[in-house]
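> based on what follows, work out the 3D shape:
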Amino acid sequence: MQAPEFVRLAGHPLRWRLLQELVQSDRAVRELTARLDEPQSLVSYHLRLLRDGGLVRSRRSSADGRDAYYAVDLTECRERLQATGAALHPALWLVPTAAPDRLPGLEPRVLFLCTGNSARSQMAEALLDHVSGGSVSAASAGSHPKQLHPNAVKVMRKRGIDISTNRTKHLDEFVDQRFDTVITLCDKVREICPEFPSHPDLVHWSMADPALSGPNNRASLPAFDRTAAEIETRVAYLFSALCAQRTTRRSNARP
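Model prediction:
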């Protein structure tokens, strides 16, 4: 019997390294080439195999149309990995560990950035606060703040979260504050993201602006729903990663 496709795709050393990079942050080919110290043609070839296999997806950069950002499909990887265990033996079906409702101890600080702070970063802030039960200190801002988008309010309300009274903020309000992680959700903001004195982990989620996703660049509610769903998935995995980091640090600190 042939090995499951996940094993054949992810088992190659270079493709495994690519997946390891992409679970940390969305990245362009040139960045992956530099980080892996491999020729661009080789990196592109293996990225294409991962994309064709459904483990990775790409999106044209809104900051520079010559670039494309690659992102790992974590949900697809999880399902394929679970099925891989079961393919070897029914008792090896993998069950993911549920993240706790709250993080113990000192709360991590996460900042989400986009252009207008009117939709993507606001939704990410609200969703992380919700999924963590407030045990993660989440904030959001934009490089050119504008009014909170009513469709962002609507899709959050459908999820039982009210952001209608949120104010939009300029990223300058936060540059002197301490953050553990700074996540850019806009390709343009990533290009101008300032340096933070606390040297946080810099993560990029390349996501299209839902306000420009409809006909003639008009906002459509389904576009906001799709964006909220993607952010919701990413935030859930982010919180699981934060929980894992906290558990590891607590274990290492024990005498």
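
> what pairs with the helix or strand in which residue 112 is found, parallel or antiparallel?
For residue 112, the host element (DSSP states H and E) is strand 109-114. Under the criterion DSSP bridges, strand 109-114 sits next to strand 137-142 (parallel), strand 181-184 (parallel) in its sheet.

> CA atoms of the helix or strand following that strand as CSV?
Proceeding N to C from strand 109-114, the next assigned helix or strand is helix 120-131, under DSSP H and E. What follows is helix 120-131 as a C-alpha-only set of coordinates in CSV (Å, rounded to 0.1, in the frame of the first residue of the first chain):
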residue,chain,number,x,y,z
ARG,A,120,-9.2,42.9,9.8
SER,A,121,-7.2,44.0,12.8
GLN,A,122,-10.3,44.9,14.8
MET,A,123,-11.8,41.5,14.2
ALA,A,124,-8.5,39.7,15.1
GLU,A,125,-8.2,41.7,18.3
ALA,A,126,-11.8,40.8,19.3
LEU,A,127,-11.5,37.2,18.4
LEU,A,128,-8.2,36.6,20.3
ASP,A,129,-9.7,38.3,23.4
HIS,A,130,-12.8,36.1,23.0
VAL,A,131,-11.0,32.8,22.5
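
> contacting residues around helix 120-131?
Here helix 120-131 makes contact (Cβ atoms under 8 Å, 6 or more residues apart in numbering) with 110, 112-114, 136, 138-142, 148, 152, 155-156, 159-161, 163, 166, 168, 183, 185-186, 207, 209-210, 227-228, 231-232, 234-236, 238-239. In short, each C-beta sits where N, CA and C put it, glycine included.

> picking up where we left off before, okay, the strands paired with strand 109-114, which one's buried deepest?
Neighbour counts (mean count of other Cβ atoms under 10 Å) averaged over each of the strands paired with strand 109-114 peak at strand 181-184, with a mean of 24.

> quick one: mean pLDDT for the following helix or strand past it?
Per DSSP H and E, the first helix or strand lying C-terminal to strand 181-184 is helix 187-192. Mean pLDDT, helix 187-192: 94.

> buried stuff in stretch 28-48?
Residues 28, 29, 31, 32, 33, 36, 43, 46, 47 are the ones in stretch 28-48 that count as buried (16 or more other Cβ atoms under 10 Å).

> centre of the chain to it, how far?
Relative to its chain's centre, stretch 28-48 lies at 20 Å (Cα atoms, centre = their mean, to the nearest Å).

> return it as CSV; C-alpha atoms alone will do.
Taking Å, rounded to 0.1, in the frame of the first residue of the first chain, the C-alpha atoms of stretch 28-48 are listed here in CSV:
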residue,chain,number,x,y,z
ALA,A,28,7.3,35.4,0.0
VAL,A,29,9.5,33.2,-2.1
ARG,A,30,12.5,35.5,-1.8
GLU,A,31,12.2,35.3,2.0
LEU,A,32,12.0,31.6,2.1
THR,A,33,15.0,31.4,-0.3
ALA,A,34,17.1,33.5,2.1
ARG,A,35,15.9,31.7,5.3
LEU,A,36,16.6,28.2,3.9
ASP,A,37,19.7,29.2,1.9
GLU,A,38,18.5,27.3,-1.1
PRO,A,39,18.2,28.4,-4.8
GLN,A,40,15.0,30.2,-5.7
SER,A,41,14.2,27.7,-8.4
LEU,A,42,14.3,24.8,-6.0
VAL,A,43,12.2,26.6,-3.3
SER,A,44,9.6,27.5,-6.0
TYR,A,45,9.5,23.9,-7.2
HIS,A,46,8.8,22.5,-3.8
LEU,A,47,6.3,25.2,-2.9
ARG,A,48,4.4,24.3,-6.1
